[in-house]
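Student: only geometry, no sequence info:
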Ligand SMILES: Nc1ccn([C@H]2C[C@H](O)[C@@H](COP(=O)(O)OP(=O)(O)OP(=O)(O)O)O2)c(=O)n1
């Protein structure tokens, strides 16, 4: 494999952070002059719309096995896209609201663990 190909694989395998994604989204909006549309309410509505699109993928399928063993690759790819749209709007919403989502989510996991203690095996 050539140097450029290796670099692309490395980039795809790299664990990207919420902060990195947030910066990419900020840049995406800035370079399109879309910052004026990215208000908290608009972003929330856009995210809920994407949750609807995500739900449509599962609609009428009946229960779905973990790992989606019988799904077409194209359906899995579509699922990845809709999950990403929800995530990206959520990250952008948090950023616009001045919430550090990584920090807030980590604190919430700790809070959840206190509220729901693990079973003593
Ligand atoms: N004002 C906008 C519009 C789009 N996006 C970004 C965030 C989402 O990741 C994606 C959403 O794009 P679309 O509205 O085109 O939605 P879909 O990709 O789901 O297309 P479609 O609804 O045609 O299936 O683009 C954004 O940041 N700000």
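Tutor: Done, it's in. Note that the structure is predicted; figures quoted are calculated from it, not measured. Numbering: from 1, shown residues only.
Student: Read off the pLDDT value for the residue sitting nearest the centre point of the chain.
Tutor: In the chain, the C-alpha nearest the mean C-alpha coordinate belongs to residue 87, at 2.2 Å (Cα atoms, centre = their mean). Here, the pLDDT recorded for residue 87 equals 98.
Student: And it, how close does it get to the ligand?
Tutor: Here the criterion is Cβ to the nearest ligand atom, to the nearest Å. By it, residue 87 lies 8 Å from the ligand. Any C-beta I mention is one placed from the backbone N, CA and C, and that applies to glycine too.
Student: Where does the prediction get shaky in this structure?
Tutor: Along the chain, the model assigns pLDDT under 70 to residues 1-13, 121.
Student: got the residues of it near the ligand?
Tutor: For the chain, the residues in contact with the ligand (Cβ under 6 Å from any ligand atom) are 28, 34, 37, 53, 85, 88-89.
Student: give me that answer again for 5 Å
Tutor: Contact residues (Cβ under 5 Å from any ligand atom) of the chain with the ligand: 85, 88.
Student: Show me the longest helix that occurs in the chain.
Tutor: Ranked by residue count under DSSP state H, the longest helix found in the chain is helix 73-96.
Student: Can you name every helix or strand that it contacts?
Tutor: Counting contacts by 3 or more Cβ pairs under 8 Å, 6 or more residues apart in numbering; DSSP states H and E, helix 73-96 packs against helix 18-30, helix 40-58, helix 101-115.
Student: Nice, that's everything, thank you.
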